[in-house]
Every structure is written in C-alpha cells, then in structure tokens.
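Visitor: Sequence and predicted structure below; questions after.
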Amino acid sequence: MKKYVLVGCGMRGVLSYAVPMVKEFSDCAELAGVYDPNKGRMKLVSRLCEKEIPAFDDFDTMLDTVKPDAVIVTPRDCDHAEYVLRAMEKGYDVIVEKALTTTFENAVKIREMKEKTGKNLTVTFNLRYHPLYKRLKELIASGVVGKVLSVHFEWLLNTNHGADYFRRWHSRRECSGSLLVHKSTHHFDIINWLLEEKPVRVNAFGTLRFYGPNREERGERCLTCPYKKKCRFYMDIEADDELRQFYYENEAEDGYIRDRCVFSDEISIEDSVAVNVEYSGGAIMNYSLTAHSPYEGCRLVINGTDGRLEATERKDQIVDYKEVSAQEVLIFNRRGEKIRMEIPLGNGGEGHGGADEMIRDSLFRGLSNDTLGQNASAEAGIMSIAIGMAANISMKEKRQVAIGEFLEELKEY
C-alpha cells in the first residue's frame with residue numbers, strides 16, 4: 001500500500017486522481033492528504049470521495065506529517081514547478097500533470113533537482129495510453145513506413161471544448177504558457193515519442209482572431225452578462241453541478257471566476273497556431289492547432305521512406321471525449337496499396353478515449369512490461385514543453401528559435 005498526497009484540488013486533480021484513487025484503488029493506494037489554497041475545494045474532496053480526507057493549510061506541513069510515497073501535482077501550470085521542486089527537495093517522488101512547467105528556466109531547475117535528489121518524476125501524458133496512439137507507436141516501431149521523413153499534424157478543438165480554455169486561467173499566458181504549452185504539450189509529446197527524436201529548431205505563427213476582444217457585445221462573465229440570452233457561448237455555471245461545486249461556490253475564497261467571457265480583453269493567448277519543427281534525426285513536422293473548429297478531432301500524417309500513414313479521429317460536439325464518431329488508420333505502401341484499420345477504444349471510451357483509466361492503472365498498480373515506453377519521464381516532459389515554449393518565443397520575436405539556446409545538450413544542433 002502506497003500513500004499519496006495531492007496538491008491542487010481543481011476538477012482535474014480531484015476527479016482524475018483523488019476520487020478514483022479512493023473508490024477504485026483502495027487496495028493499493030491511499031490518499032493521505034490534500035492541499036489547495038482554496039479551503040472550499042479541499043472540503044469538496046472529502047464529500048466527493050465519500051470519505052474524510054485530511055486537508056492541510058500548508059504544503060510543507062502536509063509532506064512532513066504524511067511522509068507520502070509520492071506527491072501528485074495538479075494546480076495551475078505556472079505553479080507546477082514550485083511544488084515539484086519543493087517535493088523533490090524534501091525527498092519525495094512526484095507525479096505531475098502536463099505541462100511539466102511553463103518556462104525554460106523552471107524546466108532546467110526541475111532537471112537539476114532531479115539529478116541532485118535522484119527522485120522519480122512522472123509526467124502524466126495520458127495520450128500515450130490512448131488506443132489510437134498506442135497502435136501508431138507499434139506500427140511505426142514495426143517499420144511499416146520505414147524511416148520517418150516528415151509529419152503533418154492538425155488538432156481541432158470545437159467551440160464547446162475550445163471556448164472553455166478562454167473562460168478560465170488558461171487564457172492568461174502567465175498562467176498556462178499558452179495553449180502551445182498547456183494543450184499542445186500532449187501532441188508534441190506524442191510526436192517525440194513516435195519518432196524517438198529530439199526537437200531542435202522551431203518556427204511559429206499565431207493569432208487571436210476568434211476569441212478575445214473581437215466582439216463589442218461582451219461582459220465580465222456569463223452569469224451577469226447582459227447579452228447572455230443571445231450569446232451562443234453562454235455557459236450557465238449554476239446549472240452545472242461540477243462547475244458550481246468546484247468554482248462558483250468557492251469564489252469567495254480566492255476570487256477565481258470560472259465563467260469569464262471568451263471575448264475578454266484580458267485574454268493573452270492565441271486561438272490559432274501554426275508551428276514548424278525540425279528534429280535531431282532530420283525529420284520535420286508541420287503542426288497546427290485550431291481552438292474554434294465546428295467539430296473536434298485530429299489528423300496525423302507520417303511520411304516515411306517506405307510509405308505513408310494517415311490517422312484520423314473525429315469527435316462529436318462534446319467536452320468530455322465520451323463519444324467518438326470516427327477513428328481510423330490508413331497505410332499506403334510504395335506500390336500504392338492501401339490498408340485500412342479501425343482502432344477500438346479502450347474501456348468503452350471513457351476519459352480521453354479510455355486513456356485516463358489506463359494511465360491511472362499504470363500509476364497506481366504499475367506496468368508489468370512497459371515495452372512501448374508509455375510511462376513518461378521528466379526528460380519527456382521537458383522535450384514536449386520545449387517546443388511550445390520555443391514557439392512562444394518565435395512568435396514574440398518573429399524568428400526561428402533553436403532549443404539549444406536554452407537546453408545545453410541541444411546546442412550542437
């Protein structure tokens with residue numbers, strides 16, 4: 001039996017880790033403490049777990065009292081580094097939600113702390129467990145397309161899912177590092193994992209032309225907006241049980257407003273981005289993210305010396321990924337022959353296409369044979385955010401950015 005503590009009691013931390021740990025993994029894992037500056041959300045953990053979970057007023061006190069086997073870190077992205085560093089320095093292993101951190105400076109600090117302490121650091125890239133990407137890893141490793149030469153990757157967020165990033169703290173660059181760090185870190189990790197190469201150079205463009213201050217009819221938040229009856233982006237925070245319990249009922253604790261207007265002039269991230277990446281082995285990638293698509297999904301094309309692989313996934317107009325309308329893989333060899341595969345969802349498709357359940361099983365019960373390298377290391381976390389952070393610099397300074405400017409081991413490229 002291993003003991004865990006959780007820092008960050010938002011919906012992701014509580015619903016993806018705390019509640020499942022208590023209700024599904026009680027034979028091997030104990031949630032021995034939680035910490036969040038918002039006391040209301042800490043109290044909610046016990047209510048949802050249907051069990052009294054110790055809540056602490058101070059993070060260090062929690063560690064000193066519980067002495068856990070591992071610390072689960074799930075606050076805002078910009079706060080990850082603080083808790084990761086403090087936990088490792090005190091001698092504890094860490095499980096941290098993506099993105100590992102939001103700046104190169106903090107990435108280097110985390111790497112140095114890991115080397116100094118020798119503690120384990122796992123980044124929760126659940127897409128590595130998604131049936132589609134797991135199958136792609138197997139196919140590419142088998143040599144079905146030969147040596148990978150180029151990648152085309154398009155990711156689409158619909159106007160339910162995509163808009164929600166612009167209501168919350170993610171819409172402020174200083175909190176999330178932008179969608180290229182918060183969201184795209186998933187996608188960059190998948191490509192790094194598939195190619196088994198390191199990103200070395202990045203060039204990027206981005207715009208904010210759909211959300212943000214692009215409409216005159218806007219308010220501070222949906223709840224009090226004078227235009228809510230005619231706005232198709234209106235979200236009723238009082239009607240949604242989870243949003244009401246986690247955020248609306250706890251606003252007085254920290255002032256965090258969860259239903260801010262998606263057209264706010266405080267938004268400082270892009271809603272459309274295009275990124276070019278060069279890899280250490282010579283492969284190149286064209287990546288795009290659209291946060292205002294009519295439908296949700298992705299298209300991933302991998303060109304190699306022996307053929308071409310095309311993977312597509314299209315989701316319905318939903319937020320929680322529970323329904324998938326199409327998912328397939330096409331392989332073309334050099335003779336023009338085509339092979340079509342349908343990829344079944346894992347565990348009925350619950351939670352990121354079944355990936356959330358599988359990564360929890362891996363975290364709390366362990367993988368007996370991780371032949372594909374699905375458990376993501378600190379280095380994997382650093383290499384995924386490196387692309388997004390370099391892309392941010394590229395957009396700001398209007399230039400190509402070499403990741404070796406910030407990470408010593410890539411200076412040779």
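Guide: Ah, there it is. Numbering: from 1, shown residues only.

Visitor: Which SSE is immediately downstream of the helix or strand of the chain with the lowest mean pLDDT?
Guide: Across the helices and strands of the chain, mean confidence by mean pLDDT, DSSP states H and E is lowest for helix 350-353: a mean of 60. Using DSSP states H and E, the helix or strand that follows helix 350-353 in sequence is helix 355-365.

Visitor: Any idea how far that following helix is from the middle of the chain?
Guide: Distance, stretch centre to chain centre, for helix 355-365: 15 Å (Cα atoms, centre = their mean, to the nearest Å).

Visitor: Packing partners of that helix?
Guide: Secondary-structure packing of helix 355-365 (3 or more Cβ pairs under 8 Å, 6 or more residues apart in numbering; DSSP states H and E): helix 19-24, strand 121-124, helix 350-353. Where you see a C-beta, it was placed from the backbone N, CA and C, and this is true even at glycine.

Visitor: got the buried residues for the helix or strand that comes right after the second one?
Guide: Going down the chain from strand 121-124, the next helix or strand is helix 131-141, by DSSP H and E. The neighbour-count check on helix 131-141 (16 or more other Cβ atoms under 10 Å) flags Pro131, Leu132, Tyr133, Lys134, Leu136, Lys137, Leu139, Ile140 as buried.

Visitor: for the closest residue to Val5 other than its chain neighbours, helix, strand, or coil?
Guide: Distances taken as Cβ to Cβ, 6 or more residues apart in numbering put Gly33 closest to Val5, at 4.2 Å, once the chain neighbours are dropped. Secondary structure state of Gly33, per DSSP: H, G, I helix; E, B strand; the rest coil, is strand.

Visitor: Same question for Thr312.
Guide: Once three-state DSSP is applied, Thr312 turns out strand.

Visitor: and what of Thr290?
Guide: Classified using three-state DSSP, Thr290 is strand.

Visitor: what about the strands in the stretch 101-250 of the chain?
Guide: In the stretch 101-250 of the chain, the strands defined using DSSP state E, counting those that start in this stretch lie at 121-124, 148-158, 199-207.

Visitor: Turn these into a markdown table, columns for distance to Ala402.
Guide: As requested, those are arranged in a markdown table below (distance: least, Cβ to Cβ, whole Å):
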| stretch | distance to Ala402 |
| --- | --- |
| strand 121-124 | 23 |
| strand 148-158 | 19 |
| strand 199-207 | 5 |
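
Visitor: Nearest to Glu249, out of the helices and strands packed on helix 355-365?
Guide: Between Glu249 and the helices and strands packed on helix 355-365, the shortest gap by Cβ to Cβ is with helix 19-24, which sits at 17.8 Å.

Visitor: Give me the packing partners of that closest one, helices and strands only.
Guide: Counting by 3+ Cβ pairs under 8 Å, 6+ apart, helix 19-24 packs on strand 29-35, helix 39-49, helix 355-365.
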